[in-house]
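> My questions concern the predicted model and sequence given below.
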Amino acid sequence: MEKNVYILVTGASSGIGKEIAIELSNSYNVILNGRNKERLEDTLKACNPLNNHLIWQFDLENTNEIEEELQLFLSNNNCLIIHFIHAAGYMKTIPLKMLSIDSFQSTLNINVIAAAMIIKILIKKKANQDILKSIVFISSNISNFGAKAFSAYASSKAAVDGLMRCLSIELAPTVRVNSVLPGGVRTAMTEHMYQDAELINRMEKVYPLGLGTIQDISAAVKFLISNEAKWITGQQLTVDGGRTINISG
């Protein structure tokens, strides 16, 4: 890949985003986005040193500043984005009676609005020279279902998939847009849930292929940005070991 052509991965400081960034660093130059510089530097150390990687430290909750900051970053570093993976995510399990406007807004800002504003810049010829080829959103299988205390998070992921479908039409045929919908994967964001032995036992029974790993998700992303997926757009790719089609448990 050309020296100034990159993949942008948000949420690259931990969890699924970090694994995606590390995996893709073997084949691409990667821009690592997150708000914690120390953790981003840890991700950078784990990336393949044979390619060129950059850190874009920026808190995506600051949606009003995204366009200006991203344009400045691209200009200052003389880089172009060929693929965009939005893995940044904010999740808190909050019952409706305890849900605040600020919490709901933070969820939407990071999970949905930030992604839309980033893409707005990446499709501008002046900012990115029409080089963008594909977008992958890390959604969730909860976007098609429901669960107690997940109203804000599930709403945001349903919005992500709605955005994905609309952009897949609006940006075709130049840019392909898809979502990956992970099932229960153990990450820093979900670690608290995996402290419950009863929950793990229950999950193991309803996942036909067993519990997944973050590597399963990064593999799906790698496929969707590859040329092997050149005729795939507007799709929700569910990667959950068969959980969502299992009605036996």
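On my side now, so go ahead.
> The least confident helix or strand in the chain by mean pLDDT: which residues count as buried?
Here the helix or strand of the chain ranked lowest by mean pLDDT, DSSP states H and E is helix 197-206, holding a mean of 76. Of the residues in helix 197-206, 203, 206 count as buried by neighbour count, 16 or more other CB atoms under 10 Å. Backbone N, C-alpha and C define where each C-beta goes, glycine included.
> Show the subsequent helix or strand relative to that helix.
In the C-terminal direction, the helix or strand that comes right after helix 197-206 (DSSP states H and E) is helix 214-224.
> mind checking pLDDT for residue 211?
At residue 211, the model reports a pLDDT of 81.
> hang on, isn't it packed against residue 186?
Yes. Here residue 211 reaches residue 186: they are 7.5 Å apart, a contact under CB atoms under 8 Å.
> where's the residue nearest the centre of the chain relative to residue 73, distance?
When CA atoms, centre = their mean is applied to the chain, the residue found nearest the centroid is residue 87 (1.8 Å). Distance of residue 87 to residue 73, given as CB to CB, to the nearest Å: 18 Å.
> repeat for residue 132
Counting by CB to CB, the gap from residue 132 to residue 73 is 15 Å.
> go on, residue 44?
15 Å.
> coming back round to it: so how far is the least confident helix or strand of the chain off the chain centroid?
Relative to its chain's centre, helix 197-206 lies at 26 Å (CA atoms, centre = their mean, to the nearest Å).
> List the contacts of the lengthiest helix in the chain.
For the chain, the longest helix by residue count, based on DSSP state H, is helix 151-170. Residues from elsewhere that reach helix 151-170 (CB atoms under 8 Å, 6 or more residues apart in numbering): 86, 90-94, 96, 99, 103-104, 107-108, 111-112, 115-116, 119, 135, 137, 139-140, 142-147, 175-179, 181, 233-236.
> Could you list the low-confidence segments of this protein?
1, 187-196, 199, 249 (pLDDT under 70).
> Quick one: the strands in it, in order.
Using DSSP state E, the strands of the chain run over 5-10, 29-34, 53-57, 80-86, 134-138, 176-182, 236-239.
> export the ones you listed to TSV and tack on mean neighbour count and distance to residue 19?
Below are the strands of the chain laid out as TSV (neighbours: other CB atoms under 10 Å; distance: least, CB to CB, whole Å):
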stretch	mean neighbour count	distance to residue 19
strand 5-10	26	10
strand 29-34	26	12
strand 53-57	18	15
strand 80-86	24	11
strand 134-138	27	11
strand 176-182	24	11
strand 236-239	18	13
